[in-house]
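Colleague: 3D, please:
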Amino acid sequence: MIFNTDILSMLGKIGRADLLRKLFPEESLVITFEVYNELLRAKEVGYEFVNSILEQGFNVIYLDLGVIKEYEQKKSKLRTACPASKSDNNTLSELTRSSTRTPDVPRGKCPLRRKSGFG
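Modeller: Model (predicted):
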């Protein structure tokens with residue numbers, strides 16, 4: 001499960017970064033090197049909530065050309081599955097989940113659509 005700084009910061013600010021392990025006990029928690037650096041910069045300027053995030057033991061990955069190509073392919077599939085979604089800023093974690101609609105999602109609603117103000 002790959003996370004971006006938005007979700008990590010939100011959980012860190014409310015002191016609940018531990019929820020990631022509870023919500024995804026079987027998943028490897030992953031952040032990109034760029035996200036890791038962004039968290040470190042926040043810590044350097046005094047944001048203490050970053051410590052609770054880093055304590056979760058994320059695996060840090062580097063995005064190589066192959067991963068970037070896979071991202072672009074999944075982004076294209078997402079647009080096909082959710083034509084109303086126009087955002088190019090979807091996170092990798094959103095794009096790596098199944099793009100099929102689930103029974104609890106009303107017809108015509110994209111399960112991966114971003115909420116206003118997120119990201």
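Colleague: and the gap between residue 52 and residue 65?
Modeller: 34 Å (CB to CB, to the nearest Å). Quick note: C-beta positions are derived from backbone N, CA and C, even for glycine.
Colleague: Mind giving me the packing neighbours of the helix or strand containing residue 74?
Modeller: Per DSSP states H and E: residue 74 is located in helix 65-81. Counting contacts by 3 or more CB pairs under 8 Å, 6 or more residues apart in numbering; DSSP states H and E, helix 65-81 packs against helix 92-96.
Colleague: Quick one: find the helix or strand in the chain with the lowest mean pLDDT.
Modeller: Least confident helix or strand of the chain, by mean pLDDT, DSSP states H and E, is helix 92-96 with a mean of 48.
Colleague: who's more crowded, residue 52 and residue 65?
Modeller: In terms of neighbours (other CB atoms under 10 Å), residue 52 is the more surrounded of residue 52 and residue 65; the figures are 17 against 7.
Colleague: that's a helix at the more buried one, yeah?
Modeller: Yes - counting by DSSP: H, G, I helix; E, B strand; the rest coil, residue 52 is found in a helix.
Colleague: all helices of the chain, in order?
Modeller: 5-13, 19-23, 33-44, 50-54, 65-81, 92-96 (DSSP state H).
Colleague: That'll do, ta.
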